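K.L.:
the following block contains a protein sequence and its predicted model.
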Amino acid sequence: MTVLKLENINTFYGHSQALENIAIDVQAGEFVTILGANGAGKSTIMKTIMGLVKAKTGTIYFNGRDISQLPPWDRAGIGIGYVPEGRRVFPDLSVEENLRMGAYSVRDDKVIAANIEKSYVLFPRLKERKSQLAKTMSGGEQQMLAIARALMLSPKLLLIDEISMGLMPILVNHSLSIVKKLNDAGLTILMVEQNANKALKVADRGYILKTGKIIMQDTSERLRNNAEVIKAYLGE
C-alpha cells in the first residue's frame, strides 16, 4: 500500500524554483531516504509535504487522499509526524511540556499519559530529565525529544529532516538505531539526510536530489555500490 505519493511537485521561493517535477512514493512499512548536498532542496520537500511551504503545482497523496490543500496541523492530525531540521524544540518548556505540545490535538489525558510513557521507554534519558528545560539539554538529547514529540500523535508516517545535523557520530548512530527500531516495529519513515553513508545503511530505498531535481533512485544496496554515488556522496 502506498502511504505517501508526490506527483509532479514544483515549489518556488519567490521567482526561484526550489523543486522541479518531484515524484516520490513511500510504501507502508518502508524506510526511504532522500540524499543530496546542502541546498539541494531536501528540507523543502519535507516542508512541502507538511504544508509549511506550498507547492505551485503537483499533488500530494497520503493513504490515497489528496492532502495538497490541507493546512499543516490537519496533516499532522491525519497521521504525519515531523521532526524538523535543527530539532526546533520549545526551549523554555520542560521535556514533558514539549511532549504534551506534541499531543496538542489529543483530548484524552489517559492517551497523552500513555504516549508520554512510551516516549520514556524509547528514550530513558528523557524520563531522567522530564522536568529539565529543553534549552539546557545537549544536541543529542534535543534530538531524542524532537523524535519523541513527533510520535505523540501516533503517526502512520514519520518525516525526519537531517537527523545528523550538529551531532557527534556516536549520537548520530544512536539516533539512527532508534529510528530503525521504530521502522522495524512497522512505522513508515521518510528521512532526508546529507550523510549518505549512514542513511543508506538503515534505509530500504533512496532518492538522490540535485538542485531541486531527482536524478537517481534505487535500493540502498545498489546506491551504495553505484560508482557515481560513491564518488559524489560517499566520499570514497
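P.N.:
Done, it's in. Residues are numbered from 1 along each chain as shown.
K.L.:
flag the shaky bits of this structure, pLDDT-wise.
P.N.:
For the chain, applying pLDDT under 70 flags the ranges 86-87, 166-168, 234-236.
K.L.:
top helix in it by residue count?
P.N.:
Using DSSP state H, we find that the single longest helix of the chain is helix 169-184.
K.L.:
run through the neighbouring helices and strands of it.
P.N.:
The contact analysis (3 or more CB pairs under 8 Å, 6 or more residues apart in numbering; DSSP states H and E) places helix 169-184 against strand 31-35, helix 109-122, helix 139-150, strand 157-161, strand 188-193, helix 196-202. From N, CA and C alone the C-beta is placed, and that goes for glycine too.
K.L.:
now that helix, how far from the chain's geometric center?
P.N.:
From the chain centre to the centre of helix 169-184 is a distance of 13 Å (CA atoms, centre = their mean, to the nearest Å).
K.L.:
that one vs helix 139-150, what angle?
P.N.:
If you take axes from the mean of the first three to the mean of the last three CA atoms, to 10 degrees, helix 169-184 sits at 20 degrees to helix 139-150.
K.L.:
can I get helix 169-184 in CSV, CA atoms only?
P.N.:
Backbone C-alpha positions of helix 169-184 (Å, rounded to 0.1, in the frame of the first residue of the first chain) are rendered in CSV as follows:
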residue,chain,number,x,y,z
PRO,A,169,29.0,10.5,15.2
ILE,A,170,28.2,8.3,18.2
LEU,A,171,24.9,10.3,18.8
VAL,A,172,24.0,10.1,15.1
ASN,A,173,24.4,6.3,15.3
HIS,A,174,22.3,6.1,18.4
SER,A,175,19.5,8.3,16.8
LEU,A,176,19.5,6.2,13.7
SER,A,177,19.3,3.0,15.6
ILE,A,178,16.2,4.3,17.4
VAL,A,179,14.6,5.3,14.1
LYS,A,180,15.4,1.9,12.6
LYS,A,181,13.9,0.3,15.6
LEU,A,182,10.7,2.3,15.0
ASN,A,183,10.7,1.2,11.4
ASP,A,184,11.2,-2.4,12.3
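K.L.:
who's in contact with that helix?
P.N.:
By CB atoms under 8 Å, 6 or more residues apart in numbering, the residues outside helix 169-184 that reach it are 29, 31, 122-123, 139-140, 143-144, 147, 151, 158, 160, 163-164, 167, 189, 191, 195, 198, 201-202.
K.L.:
buried subset of these as a PyMOL selection?
P.N.:
Here is the PyMOL selection string for the buried members of the contacts of helix 169-184, based on 16 or more other CB atoms under 10 Å:
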select buried, resi 31+122+123+140+143+144+147+151+158+160+163+164+167+189+191+195+198+202
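K.L.:
how about the helices and strands packed on helix 169-184 in JSON lines, adding distance to residue 233?
P.N.:
Formatted as JSON lines, these follow (distance: least, CB to CB, whole Å):
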{"stretch": "strand 31-35", "distance to residue 233": "6"}
{"stretch": "helix 109-122", "distance to residue 233": "30"}
{"stretch": "helix 139-150", "distance to residue 233": "22"}
{"stretch": "strand 157-161", "distance to residue 233": "18"}
{"stretch": "strand 188-193", "distance to residue 233": "10"}
{"stretch": "helix 196-202", "distance to residue 233": "4"}
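K.L.:
wait, which of the ones you listed is closest to residue 74?
P.N.:
Closest to residue 74 of the helices and strands packed on helix 169-184, according to CB to CB: strand 157-161, at 14.2 Å.
K.L.:
and that closest one, what other elements does it pack with?
P.N.:
Counting contacts by 3+ CB pairs under 8 Å, 6+ apart, strand 157-161 is packed against helix 42-50, strand 80-83, helix 169-184, strand 188-193.
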